[in-house]
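[1] Requesting a structural model of the entry that follows:
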Amino acid sequence: MPEPSRRLRLFLRCLAAPLLGILLLAGHALLEDFTRRTGLALHVRSIGLSWLPPAVQADDVRIRSKELDISVRTARLRPRLTALLQGRLELEYVALQNPVLSGSLPLPTLDLRQLTSATGGGSSDAGGLARLDSLLPGTIQIEIDQGNFSFQARDASSLRAGNLSCVLHLRGLQDVRGKLQAGLIRNLAAGEETPVLDLENLLVEGRSRPLRFLSDTPRLRL
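    Numbering: from 1, shown residues only. Below you'll find the predicted structure:
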C-alpha cells in the first residue's frame with residue numbers, strides 16, 4: 001500500500017493536470033476577451049504558467065494603438081478559480097514587471113486640482129474618475145515592479161510617474177489599500193509650465209476611497 005506522502009503526491013499530480021489545462025485556457029481566454037473588449041491588437045511572445053502562486057504568465061506583452069503605447073516585460077494574471085469553474089472569467093490578481101505606458105486617456109482632465117475638487121464637491125466632473133472606476137474589476141490585487149507611466153487627458157493636462165512600484169488591493173475606486181512608491185510624480189495642467197504637483201521619492205501607504213478622497217480616507221501615510 002503506498003505511503004501517505006506518495007498518495008498525496010499522486011493526488012496532487014492528478015489534480016494538477018486539469019488545473020493546468022484550466023489555467024492555460026483561461027490565459028488564452030483573457031487575451032481574447034481583452035482584444036474583443038478594447039479592439040486593441042495584442043502581441044505576446046509566450047504564455048505559460050507560474051505556480052507560486054498559480055497564475056498565467058505572459059512574456060513581452062506589447063499593445064499599440066493610435067492613443068496608447070504599452071509594453072510589459074512579464075505579466076502574471078490569476079483568474080478567480082471559483083468563478084472560472086462556474087463559467088465566468090474574473091481576475092483576482094495582476095502583477096506587471098517593468099510596464100511602460102504612454103498615451104492619451106479618455107478623461108476630460110488629469111489636473112489633480114480639478115479631480116480633487118470634483119471628488120470632494122460632487123461636481124459633474126467626477127465622471128472622469130467614475131468612468132475609470134467602471135473599467136476596474138470588482139475586487140483585485142495589483143502588483144507593479146518598476147513601472148513608468150505618462151498620460152495625457154483631452155484638455156492636454158498630463159500625469160507622469162517614474163520608477164513606480166506598488167502592491168494594492170482594490171475594490172474598484174471605492175476602497176484602495178496598500179503601498180505605493182515612486183521616484184517621480186509630476187502633474188501638469190493644460191498650457192502651464194509650472195507643475196501642479198512635482199514629487200521625488202514618494203511613499204504612500206494606508207487606505208483610502210479615491211472617489212471620496214477628502215471626506216473618506218480613514219488611514220493614509222505620506
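
[2] Correct me if wrong: residue 77 contacts residue 96.
    No. Using Cβ atoms under 8 Å, residue 77 is not in contact with residue 96, being 9.6 Å away. Using the backbone N, CA and C atoms, a C-beta is placed for each residue, glycine as well.

[3] Okay, and the beta partners of the spatially most central residue of the chain?
    Centroid-nearest residue in the chain, with Cα atoms, centre = their mean: residue 142, separated by 5.2 Å. Beta-bridge pairing of residue 142 under DSSP bridges involves residue 94, residue 168.

[4] Identify the residues contacting it.
    The contact partners of residue 142, by Cβ atoms under 8 Å, 6 or more residues apart in numbering, come to 94, 95, 96, 166, 167, 168, 170.

[5] hey, where'd the strands end up in this structure?
    With DSSP state E as the criterion, the chain has strands at 41-51, 54-64, 68-79, 91-97, 100-104, 140-152, 158-171, 175-188, 197-208, 219-221.

[6] Mind putting those strands into a markdown table with mean pLDDT and distance to residue 33?
    Formatted as a markdown table, the strands of the chain follow (pLDDT from 0 to 100; distance: least, Cβ to Cβ, whole Å):
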| stretch | mean pLDDT | distance to residue 33 |
| --- | --- | --- |
| strand 41-51 | 79 | 11 |
| strand 54-64 | 85 | 12 |
| strand 68-79 | 89 | 10 |
| strand 91-97 | 90 | 10 |
| strand 100-104 | 94 | 20 |
| strand 140-152 | 94 | 15 |
| strand 158-171 | 94 | 19 |
| strand 175-188 | 94 | 24 |
| strand 197-208 | 92 | 29 |
| strand 219-221 | 87 | 34 |
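
[7] Out of these, which is closest to residue 111?
    Evaluated over the strands of the chain, closeness to residue 111 peaks at strand 175-188, with 7.2 Å, by Cβ to Cβ.

[8] and that closest one, which strands flank it?
    Counting by DSSP bridges, strand 175-188 is paired with strand 158-171 (antiparallel), strand 197-208 (antiparallel).
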